[in-house]
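> Quick one: sequence plus predicted model below, questions after.
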Amino acid sequence: MADRFKKAAVWLGLVSDNDYAEVEPDLDEVTEQVVDPRQAEEKPASAPATVTELETRRPAREHPRVADINRITTVHPRTYNEARTIGENFRDGIPVIMNLGDMEDADAKRLVDFSAGLIFGLRGSIERITSKVFLLSPHNVTVAAEDKERLAGGFFNQS
């Protein structure tokens, strides 16, 4: 029982553990294992070094294409479980309009957080159209200003 208390006190740092202080390494054995770098095998100076180019992590910049207004997906989620639909469409390069008017505030906030992570991970952009409507655009797609006005005009009348 006393052994358990001692282990607990050592773990909490209340007492020092002197069990390890008694065992000291034999310095003669340690020095025998050290290899002198001058005695190590040397490579001939005439051997050419091979260099392999690293892959680039960033994809080549694509020119943004203008999205067709008919290809934009509009989602009216009622629960957070519909986040998958938003993510799949966005990942496929389709701009997504999220209308969160039918959701409770807690779930709507979670879905906006999910969308922000999606945007960050796939290098897209997010724009607030109204207080509960958001436009998610992939990195290689731009939505024309006329289309944004048309979308905003249709949503501003909803409260």
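Yep, it's here.

> which stretches of this protein have low pLDDT?
When residues are selected by pLDDT under 70, those of the chain lie in 18-47, 55-70, 143-145, 147-159.

> show me where it has helices.
2-12, 27-33, 83-91, 105-122, 145-156 (DSSP state H).

> count of neighbours near residue 124?
20 (other Cβ atoms under 10 Å). For every residue, glycine as well, the C-beta is placed using N, CA and C.

> Check the gap between the nearest residue to residue 83 once chain neighbours are set aside and residue 130 for me.
Nearest residue to residue 83, sequence neighbours excluded (Cβ to Cβ, 6 or more residues apart in numbering): residue 114, at 4.9 Å. Distance of residue 114 to residue 130, computed by Cβ to Cβ, to the nearest Å: 19 Å.

> same check, this time on residue 146
In terms of Cβ to Cβ, residue 146 sits 18 Å off from residue 130.

> more crowded one of the two?
Neighbour comparison, residue 146 and residue 130: the larger count goes to residue 130, with 16 against 9 (by other Cβ under 10 Å).

> Look up which residues are beta-bridged to the more buried one.
Bridge pairing for residue 130 (DSSP bridges) gives the partners residue 133.

> what's the closest residue to residue 136 other than its chain neighbours in contact with, if anything?
Nearest residue to residue 136, sequence neighbours excluded (Cβ to Cβ, 6+ apart): residue 96, at 4.5 Å. By Cβ atoms under 8 Å, 6 or more residues apart in numbering, the contact set of residue 96 is 72, 73, 74, 75, 86, 89, 90, 135, 136.
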